[in-house]
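okay, sequence plus prediction incoming.
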Amino acid sequence: MASRLINIALWLLVFLLPVKFGGLVLLPDRPANFAEWCFSRWPLELAVVFAFVWAAATIGAVWRRRGMLLGGWGWLPLIWLASQWLSASVSPWPARAWVVAAFFSVATVFFFIGWWPAENERRYRTVLGALAAATAVVCAVALHQHFGGFEDALRYAREHPESVPPEIRPNLAAVQGKLAQGRVFGTMFYSNTLAGYLILAGAPVCCWLWRCLRERMEGGERAVRVASVALTAAFAAMVLWCVLLTRSKGGFAMLALALAGGLALCGRVDWRWRAGALAALLAVGAVFFGAQGARRGAETLEARGDYWRAGMAMIVQQPWLGGGPGTFGKRYVERRRPDAEPTLLAHNNFLQQWTDSGVAGFASFAALWIGALWLGARRLRAAPFDPLAWATWVGLAAWTGHNLVDFDLYAAAVAWPAFLMAGWMLRGGSTTATA
């Protein structure tokens, strides 16, 4: 009974992350009335408390039965977390640094949800089921925004200016300009965050859906196979469509690269099928983005270049402990060009780990994701083909690449599931490597 309740609570927590906790840790969400609680994002503190209570209950229940030995790659997230708290303890902005360090503490909890060996596979499938339901909701909201939702919001704001929150009114023109671009963001903070979530969860969720349909549908073997493939393909097409509607060139490019790497690992599949699938994906992206997208991409890359140059200067100035988790924006103000856009984050999580948490934070963070991809690739090569492991590897590879150009690490809806998937992959990869 206790195990069932724990799994139900985990399903609910993971489902709510993309649906209600898609904001940034540095920009807290504060619903003002009942309607906002129903249709807007919730304060991140609720997810933090929920996660810690769930972890405490789970550790208590599991420890009494069998205990747990920590070893191998399991130490890496703890080293990374220790570097965050060490840097926060010496930060000139302790209030912000401690909040972000607590946020990263929950990310580490999620890593061990995936890492924990007892009923590992069953728990991971529970998580993917929750993400599948959440992804359907997120994509539905994004498609509603595309098919008239933005126009309705702009019209209502113009006709009822008193409905606009006071903190947004000074920048209302800029917000309206962003909405007029038509880039969907679903339930997330902004479009690139939605892209980061979809390229992370899309492949594993589609694999889970295919397996679930195969196991639960009734009828002849051929009919079940055709129906499950058709329904999964429709779901995958919806996810890919929403990725395109975000107009996130970085997200789409990382997804294409991850799929190329994943297809290279599928040695048993004819190379012509693999090349054809990748060519079709690239053709869709090229047609969708076009020349206008390329020009916009050059502008955003220039802005990121300014962030990254400032970040390198911060590393030279404070290479060992950094300025504290989440404090990049505080120091960027001093190094920002007069015509450059303001920012709170470096739009490169690897770079920001070094600027904020020093060399130990950067090294352990990089080792965690490189290790997950490396061991995952070994797992796929050494063992019989496992569709779920392959799909998880593709999602992790796409998200790791997206870390180079955006700040998904600071959004709970994206970062916490990514850590869980990394824990599952490292645990399974370690088992395969030692077998």
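Thanks, I have it.

what pLDDT does the closest residue to Thr135 other than its chain neighbours get?
Excluding its sequence neighbours, the residue lying closest to Thr135 (CB to CB, 6 or more residues apart in numbering) is Val205, at 5.4 Å. Placement of C-beta: from N, CA and C, glycine included. Per-residue confidence (pLDDT) for Val205: 97.

before we move on, what about Arg214?
For Arg214, the predicted pLDDT is 87.

excluding chain neighbours, give the residue nearest to it in space.
Closest residue to Arg214 apart from its sequence neighbours, by CB to CB, 6+ apart: Ser228 at 5.0 Å.

I figured that neighbour hits Trp210, correct?
Yes - using CB atoms under 8 Å, Ser228 makes contact with Trp210 at a distance of 5.6 Å.

just confirm Ala346 is within a strand.
No - assigned with DSSP: H, G, I helix; E, B strand; the rest coil, Ala346 falls outside any strand and is coil.

contact partners for the residue nearest to Thr135?
By CB atoms under 8 Å, 6 or more residues apart in numbering, Val205 lies in contact with Leu128, Leu131, Ala132, Thr135, Phe235, Val239.

mind checking what helix or strand follows the lowest-mean-pLDDT helix or strand in the chain in sequence?
Least confident helix or strand, the chain: helix 172-180 with a mean of 60, by mean pLDDT, DSSP states H and E. Counting by DSSP states H and E, the next helix or strand C-terminal to helix 172-180 is helix 191-216.

in that following helix, which residues are buried?
Across helix 191-216, burial judged by 16 or more other CB atoms under 10 Å covers 191-213.

top of the contacts of Val205 by neighbour count?
Leu128 (28 neighbours; other CB atoms under 10 Å).

contacts only, for that one.
Counted by CB under 8 Å, 6+ apart, Leu128 has contacts Pro204, Val205, Cys207, Trp208.

give me that answer again for 6 Å
Contact analysis of Leu128 by CB atoms under 6 Å, 6 or more residues apart in numbering lists Pro204, Val205, Trp208.

for the helix or strand that Val224 is a member of, buried residues please.
Element membership of Val224, judged by DSSP H and E, is helix 221-246. With burial defined by 16+ other CB under 10 Å, the residues of helix 221-246 counted as buried are 224, 228, 232, 235-236, 238-246.

dump the residues you listed into a markdown table; add pLDDT as well.
Shown next, in a markdown table, are the buried residues of helix 221-246 (pLDDT from 0 to 100):
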| residue | pLDDT |
| --- | --- |
| Val224 | 80 |
| Ser228 | 90 |
| Thr232 | 95 |
| Phe235 | 97 |
| Ala236 | 95 |
| Met238 | 96 |
| Val239 | 96 |
| Leu240 | 92 |
| Trp241 | 94 |
| Cys242 | 95 |
| Val243 | 94 |
| Leu244 | 91 |
| Leu245 | 93 |
| Thr246 | 93 |
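
wait, which of these is closest to Tyr410?
Closest approach to Tyr410 among those (CB to CB): Thr246, at 17.6 Å.

got phi/psi on Trp42?
phi -100, psi 160 (degrees, to the nearest 10).

next one: Ala32 from Tyr190, what distance?
Distance, Ala32 to Tyr190, using CB to CB, to the nearest Å: 21 Å.

may I have stretch 371-390 exported as CSV, CA atoms only?
In CSV, the C-alpha atoms belonging to stretch 371-390 read as follows (Å, rounded to 0.1, in the frame of the first residue of the first chain):
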residue,chain,number,x,y,z
GLY,A,371,28.9,10.5,-18.6
ALA,A,372,25.2,9.8,-19.1
LEU,A,373,25.6,10.0,-22.9
TRP,A,374,28.8,8.0,-23.0
LEU,A,375,27.5,5.2,-20.7
GLY,A,376,24.1,5.3,-22.6
ALA,A,377,25.9,4.8,-25.9
ARG,A,378,27.8,1.9,-24.5
ARG,A,379,24.6,0.4,-23.2
LEU,A,380,23.0,0.6,-26.6
ARG,A,381,26.0,-0.9,-28.3
ALA,A,382,26.6,-3.7,-25.8
ALA,A,383,23.1,-5.0,-25.2
PRO,A,384,20.2,-6.0,-27.4
PHE,A,385,18.4,-3.0,-28.8
ASP,A,386,16.2,-1.4,-26.1
PRO,A,387,13.8,1.2,-27.6
LEU,A,388,13.3,2.9,-24.2
ALA,A,389,17.0,3.3,-23.6
TRP,A,390,17.5,4.6,-27.1
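
how far away is the residue nearest to Thr135 from Ala47?
From Val205 to Ala47 the distance is 20 Å (CB to CB).

again, but for Trp54
Using CB to CB, Trp54 is found at 10 Å from Ala47.

how about Cys242?
For Cys242, the distance to Ala47 - CB to CB - is 23 Å.

try Arg125
For Arg125 relative to Ala47 (CB to CB), the value is 22 Å.
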